[in-house]
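> Dropping a prediction and its sequence here:
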Amino acid sequence: MAKNWHPVIDYENCSGCLTCANFCPHEVYSVESGKPVVSKPEHCVEFCRGCQKICPSEAIKYFGDRR
Ligand code: SF4
Ligand code: SF4
């Protein structure tokens, strides 16, 4: 599990489809007021990128990526 790697949601682009929260098998996300929240970032698997790949709105980036 990653200490310095986890998703960051861009809420300006997020549609609230919850594809990411439903997809992630590691309980990184919870849902609050219909939006995904990265509530357990320490559960994220380093460099997985699964949720980013399936987000239809390109609203997921990662803390830990160099930009
Ligand atoms: S998959 Fe993308 S658009 Fe859908 S809830 Fe997650 S971050 Fe938002
Ligand atoms: S990158 Fe993988 S492990 Fe991390 S939140 Fe997304 S789907 Fe879950």
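Perfect, I can see it now. Ligands and ions are numbered 1, 2, ... in the order given.

> going forward, measure contacts and count neighbours with C-alpha atoms only.
Noted.

> Enumerate the residues of this protein near ligand 1.
Neighbours of ligand 1 within the chain, by Cα under 6 Å from any ligand atom: 9, 14-20, 36, 55-57, 59-60.

> 8 Å instead?
Residues of the chain found near ligand 1, taking Cα under 8 Å from any ligand atom as the criterion, are 9-11, 13-21, 35-36, 51-52, 54-60.

> Quick one, which of the residues you listed are buried?
Buried members of the residues of the chain next to ligand 1, counted by 16 or more other Cα atoms under 10 Å: 9, 14-15, 18, 20-21, 35-36, 51-52, 55, 59-60.

> Could I get the full set of helices for the chain?
Counting by DSSP state H, the chain has these helices, from start to end: 19-23, 50-54.

> Now residue 46. Nearest residue, chain neighbours left out?
residue 2 (5.2 Å; Cα to Cα, 6 or more residues apart in numbering).

> Actually, residue 47.
Nearest non-adjacent residue to residue 47, counting by Cα to Cα, 6+ apart: residue 5, 7.4 Å away.

> got a list of what the nearest residue to residue 16 once chain neighbours are set aside touches?
Spatial nearest neighbour of residue 16, chain neighbours left out: residue 35 (5.1 Å); criterion: Cα to Cα, 6+ apart. By Cα atoms under 8 Å, 6 or more residues apart in numbering, the contact set of residue 35 is 16-18.

> All good on my end, thank you.
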